[in-house]
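> I'd like to go over a predicted model; first the sequence, then the structure.
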Amino acid sequence: MGNVLGDVLGLAAGVAVSPLPIVALIIVLATPRGRLNGLVFVTGWVLGLSGLGAVMLVVGGQGSATTHGHPADWVGVVKLVLGVALALLAVRLWRHRPTDVTQARLPQWMAAIDRFTPVKIFLLALLLSAGNLKNAPLTIAAAASISSSGLPVGQQVGALAVFVVIASVGLLTPLGVYLVMGERAKNMLGNWKDWAARHNVAVMAVLFFVFGLKLLGDGIDVLTS
């Protein structure tokens, strides 16, 4: 269990650092029903990561490890493919990053968030977690490591739960600040939103590259061991 957690916690940290979902949550918190909408958003995020991870656990199946406790070859292939994809995306993002961060613009759909119903907010959170180009590969890689560990089902579910909690820290932090401080948190959260919006592309490019290389290394290690 300790080895599995050590393998997935770094991936969870990569999911937690997600500038656009954090910006989206801060905008949601500024809506008239910010408390309710914020809780709905975080719930959708958690369920998105949990659902994607659970599907991967089922696909991987229990007992996918070799007789020596080494991950199965398919895990190495998955990590290798995801690593290449993330590295290529990192290069693309870096080449198209804004040269002047003050000119960075948020996606146009964010301007409509304050008019979203709770159902739309929930679906948006699902998309930003399970459908995100960074978060989905990292979640799949983490779940692949868990499913191939040979751990009992209960411990696999526990490991996935730990992954989801750590991966949600980036959203739980602004939500917690808002729930504790209320209206007083608006200035602080606004500053966080501005920083994340300006540096989103650069942060994502670096994270894509770092975790792409990590998955590449992990995949090669599995396939050559």
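Ah, there it is.
> what residues does residue 57 make contact with?
By C-beta atoms under 8 Å, 6 or more residues apart in numbering, the contact list for residue 57 reads 143, 146-147, 156-157, 160. Where C-beta positions appear, they are placed from N, C-alpha and C, glycine not excepted.
> what is the nearest of those to residue 175?
Residue 175 has its nearest neighbour among those in residue 160, at 21.3 Å by C-beta to C-beta.
> how near is that closest one to residue 180?
28 Å (C-beta to C-beta, to the nearest Å).
> more neighbours: which of the two?
Using other C-beta atoms under 10 Å as the criterion, residue 160 and residue 180 rank with residue 160 on top: 24 against 9.
> right, and that one touches residue 147 too?
No. Residue 160 is not in contact with residue 147 according to C-beta atoms under 8 Å; the separation is 9.1 Å.
> quick one on the thing from earlier: redo the contacts of residue 57 as JSON lines? Include distance to residue 217 and secondary structure.
As requested, those are exported to JSON lines (distance: C-beta to C-beta, whole Å; DSSP: H, G, I helix; E, B strand; the rest coil):
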{"residue": "143", "distance to residue 217": "19", "secondary structure": "helix"}
{"residue": "146", "distance to residue 217": "19", "secondary structure": "helix"}
{"residue": "147", "distance to residue 217": "20", "secondary structure": "helix"}
{"residue": "156", "distance to residue 217": "23", "secondary structure": "helix"}
{"residue": "157", "distance to residue 217": "27", "secondary structure": "helix"}
{"residue": "160", "distance to residue 217": "23", "secondary structure": "helix"}
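> what's downstream of the host helix or strand of residue 154, the next helix or strand?
Following DSSP states H and E, one finds residue 154 within helix 153-167. Once the chain leaves helix 153-167, the next helix or strand it forms, by DSSP H and E, is helix 169-181.
> which other helices and strands contact that following helix?
Counting contacts by 3 or more C-beta pairs under 8 Å, 6 or more residues apart in numbering; DSSP states H and E, helix 169-181 packs against helix 2-16, helix 19-29, helix 34-60, helix 186-224.
> residues making contact with it?
With C-beta under 8 Å, 6+ apart, helix 169-181 has contacts from 15-18, 21-22, 25-26, 29, 34-35, 38-39, 41-42, 45, 185, 188-189, 192.
> before I go, just wanted to say thanks for your time.
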